[in-house]
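> Here's a sequence, model it:
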Amino acid sequence: MYSYLAYGLNIFSEIKLPELSEVKTVADYDLHIQVAQFEFPKLRTTQIYRRGIKADFGKDQDENLYLHWENVAGFKASSGRFLTIMPFCEDPNLLSLFTVSEALGLVLFQKNYFLLHASAVQIGDEAWCFMGAPGAGKSTTAAAFIKAGCKLLSDDLTAIHFDKDGLPFVIPAYPQLKIWSNTVKGLDYDESGLQPVSEGVNKFSYQPKSGFLHDPVKLGQVFFLHKARNRKALQTLTAAEIPTEMLKNFPLPVQLLANEALKRHFLQSFQCAKSAQMWRKKRPDGFSNLEKWVQESIPESLIAG
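Numbers count the residues shown, from 1 in each chain. Okay, the predicted model is just below:
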């Protein structure tokens, strides 16, 4: 058995999850990840791909949530406290990859976290989030800020919770940022300190385990990245645009956002906008221009650590 900390949760797992931060075994846990057989309810195709495989999603009458990845694994999330894995393969790295992505996201959804398909870094005492369509440069932008001295908070799946005053805080995920090989070269990362990842594509993993912090960080800025040449380099999002953009960047099956869950998502979008600045940002062309924007955005006094 293994013990980890991710997204503010003490996790007790029956499988090894090397991406996560290991901790000493604790008597109490927030999430138990177990291996067992189970029956699926009726499944529907989703918009989610991982390693070129489209996920199927289902929900039963007891509000258990299910994901099915052909030839990889099935997952069942129950009451925000249990995640059951039914493996269809014997590759431990592949099982871990799929477990700590959307499957873990189902548990966070059940715990009412506000979820975004985004990368996040810490700048001073603020969290900055970067999101956008595939290829917009979320991880590359985060990698540029990290190279400049900022701390990684999350990659791909960002979780936000609200304090008693309604202020949004990013809950750090785990110490891994997946970046493309051309980003490694373009930003001059030391490839010897990176690990190849089991994504089936040419990506590397940056893993700042020794300096990774798990304290929540107040949300400060949100950037919706794009490559459109007919738009301004930087625009403030209007109040009407914010919930739509947030909805576009929901990282789990869209079937989850119905009725009360959809209403909650819209309300939480506005809660974020009350405290954080929301921008539509054209990704700078070329790595040198990206690094220039980073340097202009973060005075030395604001760099965490």
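> Okay, buried residues for the helix or strand encompassing Gln47 please.
For Gln47, the host element (DSSP states H and E) is strand 44-50. Using 16 or more other C-beta atoms under 10 Å as the test for burial, strand 44-50 gives Thr46, Ile48, Arg50. Where C-beta positions appear, they are placed from N, C-alpha and C, glycine not excepted.
> Then stretch 142-154?
Buried, per 16+ other C-beta under 10 Å, within stretch 142-154: Ala142, Ala143, Ala144, Phe145, Ile146, Ala148, Cys150, Lys151, Leu152, Leu153, Ser154.
> Quick check: the two most widely separated of those residues?
The span of the buried residues of stretch 142-154, defined through C-beta to C-beta, is set by Ala148 and Ser154 at 17.7 Å.
> In stretch 249-265, which residues are buried?
For stretch 249-265, burial by neighbour count (16+ other C-beta under 10 Å) applies to Asn249, Phe250, Pro251, Leu252, Pro253, Leu256, Leu257, His265.
> mind saving the C-alpha coords of it as PDB?
Provided in PDB are the C-alpha atoms of stretch 249-265 (Å, rounded to 0.1, in the frame of the first residue of the first chain):
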ATOM      1  CA  ASN A 249     -12.300  24.500 -20.300                       C
ATOM      2  CA  PHE A 250     -14.100  22.000 -18.100                       C
ATOM      3  CA  PRO A 251     -11.700  19.000 -18.000                       C
ATOM      4  CA  LEU A 252     -14.200  16.100 -17.400                       C
ATOM      5  CA  PRO A 253     -17.100  14.600 -19.400                       C
ATOM      6  CA  VAL A 254     -19.600  17.400 -20.200                       C
ATOM      7  CA  GLN A 255     -22.400  15.100 -19.200                       C
ATOM      8  CA  LEU A 256     -21.500  15.900 -15.600                       C
ATOM      9  CA  LEU A 257     -22.600  19.600 -16.100                       C
ATOM     10  CA  ALA A 258     -26.300  19.300 -15.800                       C
ATOM     11  CA  ASN A 259     -29.000  20.800 -13.500                       C
ATOM     12  CA  GLU A 260     -27.400  21.800 -10.200                       C
ATOM     13  CA  ALA A 261     -23.900  21.000 -11.200                       C
ATOM     14  CA  LEU A 262     -24.200  23.300 -14.200                       C
ATOM     15  CA  LYS A 263     -25.600  26.100 -12.000                       C
ATOM     16  CA  ARG A 264     -22.800  25.600  -9.500                       C
ATOM     17  CA  HIS A 265     -20.200  25.800 -12.300                       C
END
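> start at 15 instead
Sure thing, new numbering starts at 15, so read that last one as stretch 263-279.
> Identify the residues contacting that stretch?
58, 60-62, 69, 71, 73, 79, 81, 116, 119-120, 123, 126, 128-132, 145-146, 170-171, 238, 257, 260-261 (C-beta atoms under 8 Å, 6 or more residues apart in numbering).
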